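Novice: With the sequence up front, the predicted model follows.
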Amino acid sequence: MPFPIRRWPTRKVPARRPPSEHDTSAGPYYAPRVHELSIAHSLVELAQQHLPPEATRVVAVDVRIGALAGVVGDALEFCYAIATEGTRLQGSILRVHDVPGAWHCVVCDAERTLDATFVLRCQVCGAPAGDLLAGRELELTSIEYDTAEDAPR
Ligand SMILES: [Zn+2]
């Protein structure tokens, strides 16, 4: 399992205040959570399109979220429960797999990962971040479901 799995419900959505322009110590500032609700609805719609007719119950939906995707995993998990109400996905859980940001530093010719400071500079030579290799993902990767054959007899 390449990424840690968090199960819903785990934590409350952190209420963050916007840091001053040059202070990144509090991490990035996140806008109100309407954003995640709209993503959750899109996710549910997409999952339903790919759900085969023989699926009787959806167990879980897996998504990969990059550190630079601008989506808060906890908030998305919370909104997912709301977005699935009345759909074939109701009662299923959203499994968020975090993808760290990574880029290629042309000066060091090495891969660098985004750390907690969210500063897009090479930690070794200080060069600005080059081409992003990972971190913008927002992908539905799999849907776990039961069929009639899985039901206990
Ligand atoms: Zn470097």
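Specialist: Happy to help now that I have it. The shown structure was predicted, so the numbers you read here are calculated from the model rather than taken from an experiment.
Novice: what about stretch 81-89, average pLDDT?
Specialist: Mean per-residue pLDDT for stretch 81-89: 96.
Novice: same deal with stretch 61-71?
Specialist: Stretch 61-71 comes out at a mean pLDDT of 94.
Novice: buried stuff in that stretch?
Specialist: Of the residues in stretch 61-71, 61, 62, 63, 64, 65, 66, 67, 68, 69, 71 count as buried by neighbour count, 16 or more other C-beta atoms under 10 Å. The way it works is simple: take the backbone N, C-alpha and C, and place the C-beta from them, glycine included.
Novice: What is the end-to-end distance of it?
Specialist: End-to-end distance of stretch 61-71 (C-alpha to C-alpha, to the nearest Å): 16 Å.
Novice: Quick one: residues in contact with it.
Specialist: By C-beta atoms under 8 Å, 6 or more residues apart in numbering, the surrounding residues in contact with stretch 61-71 are 3, 28, 30, 35-36, 39, 43, 47, 73, 76, 80, 89, 92-101, 114, 132, 134-144.
Novice: Near the ion, which residues of this protein are found?
Specialist: Within the chain, the residues that sit near the ion (C-beta under 5 Å from the ion) are 105, 107, 108, 122, 124, 125, 127.
Novice: Now do the same contact list for the fifth one.
Specialist: For residue 124, the set of contacting residues under the criterion of C-beta under 8 Å, 6+ apart consists of 105, 108, 110, 112.
Novice: ok, of the residues you listed, which come out buried?
Specialist: 105, 112.
Novice: Need the max-distance pair from the contacts of residue 124.
Specialist: Farthest pair in these (C-beta to C-beta) is 108 and 112. Separation: 7.5 Å.
Novice: Please enumerate the shared neighbours of those two.
Specialist: Residues touching both residue 108 and residue 112 (C-beta under 8 Å, 6+ apart): 122, 124.
Novice: In this protein, where is pLDDT below threshold?
Specialist: 1-33, 151-153 (pLDDT under 70).
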